[in-house]
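S.K.: This is the structure alone, sequence omitted:
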């Protein structure tokens, strides 16, 4: 297990949590057993409940319970004074997640005001979050006497602070009057979410396009600093593109499960990067297809090869009284058996090289090799 080198503030906050729900006890204010059950089951996205004549409990959840990175944020607001009186959370994550959530909760309470504090309406009508993942990370870093950063939250753990920001966004949804439960989402609910957050990109971790887009500017600033420090050559567009992908994974976990959202969704992570920063993306369509194949599971690779054999190769061999069977796939080597008139044909090697192998390389993956095996 990797021992993460965390800043002292993060370690202190994670070891001595002040805002965990078991200490604050905001759920005790609820008399709604059904809502409590939905919270415990992880179904709540956004909700609010009047708990007193002049107090409202706002609830926002975010993350994936299946992977363990999941949190629910509670905020008790005094309706008359517009003050955030208490903040608490359920957090099922690691040291970094608890520490980042503690810092986020502290920053929320420091804002004091709910409207015009935690959430501030801008001139164009949009809502600005005063507590963001970048602010949390900034407050957790260690600096020397000259103000130079000497230790920060590891980049691999930045998704913990992003998760807090997303939970806060769901509290904003609750404030705007939108109660959402994962097990009860209607077509209208999905349309509302996509209007607010953009299309769903990563199905496994529930990441939408705007979440990724909002992170790209910060990633670009990192790259500019790395270029200035000589860590990247200015012409290394392939390296830039890979860095964008890596940082998006670290900040959201998008692409860490099935991997399809990198190249096989609409929009995909790759599409979003190319649209916003085309100068960093050298990938041709062929290179993109190669990368897509490499993210497939073994079964998906076999199914894709079999589909090409069935639709493009077997019909041609059948015309000559032959057939081909897929025997196995070992790394990039496709093992086949030729049968019928093709089994002992003098031109079988040519059929394999210029027929089967070339077709598979063109339609599936350019590095595939085909090897003939005789079972009987």
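M.R.: Arrived safely, thanks for sending. What you see is a predicted model; the values in this text were computed from it and never measured.
S.K.: alpha carbons only for contacts and neighbour counts from here, please
M.R.: Will do.
S.K.: Mind checking what secondary structure the nearest residue to residue 63 once chain neighbours are set aside has?
M.R.: Sequence neighbours aside, residue 70 is the residue nearest to residue 63 in space, at 4.2 Å (criterion: Cα to Cα, 6 or more residues apart in numbering). Classification of residue 70 by DSSP: H, G, I helix; E, B strand; the rest coil places it in strand.
S.K.: doesn't residue 97 make contact with residue 70?
M.R.: No: using Cα atoms under 8 Å as the test, residue 70 is too far from residue 97 to be in contact (9.0 Å).
S.K.: And these two? Which one has more around it.
M.R.: residue 97 (25 against 22; other Cα atoms under 10 Å).
S.K.: Next up, the contacts around that one.
M.R.: 69, 91, 157, 160-161 (Cα atoms under 8 Å, 6 or more residues apart in numbering).
S.K.: Name the helix or strand for it, please.
M.R.: Following DSSP states H and E, one finds residue 97 within helix 95-111.
S.K.: try residue 76
M.R.: strand 69-78.
S.K.: neighbouring strands for that strand, and are they parallel or not?
M.R.: strand 55-64 (antiparallel), strand 83-91 (antiparallel) (DSSP bridges).
S.K.: which helices and strands does the longest helix along the chain pack with?
M.R.: Looking across the chain with DSSP state H, the single longest helix is helix 209-228. Helix 209-228 sits against helix 187-197, helix 237-252, helix 269-276, with contacts defined as 3 or more Cα pairs under 8 Å, 6 or more residues apart in numbering; DSSP states H and E.
S.K.: So what touches it?
M.R.: Against helix 209-228 from outside (Cα under 8 Å, 6+ apart): 197-201, 232-234, 240, 244, 247-248, 252, 267, 269, 272-273, 276.
S.K.: list the contacts for the residue nearest to residue 63?
M.R.: 61-64, 91-93, 163.
S.K.: what does residue 150 give?
M.R.: So, once contact is read as Cα under 8 Å, 6+ apart, residue 150 ends up touching 141-144.
S.K.: List just the nearest of those to residue 105.
M.R.: residue 141 (16.7 Å; Cα to Cα).
S.K.: what about the closest one, how many neighbours?
M.R.: Residues near residue 141, counting by other Cα under 10 Å, number 18.
S.K.: I'd say it and residue 155 touch.
M.R.: No: the criterion here is Cα under 8 Å, and residue 141 misses it with residue 155 at 11.9 Å.
S.K.: Tell me how far residue 156 lies from residue 13.
M.R.: Counting by Cα to Cα, to the nearest Å, the separation of residue 156 from residue 13 is 19 Å.
S.K.: So if I had to pick from those two, which one is more boxed in?
M.R.: residue 13 (20 against 16).
S.K.: For this structure, give me the ranges with low pLDDT.
M.R.: The chain contains residues with pLDDT under 70 at 1-3, 66-68, 233-238, 281-291, 354, 376.
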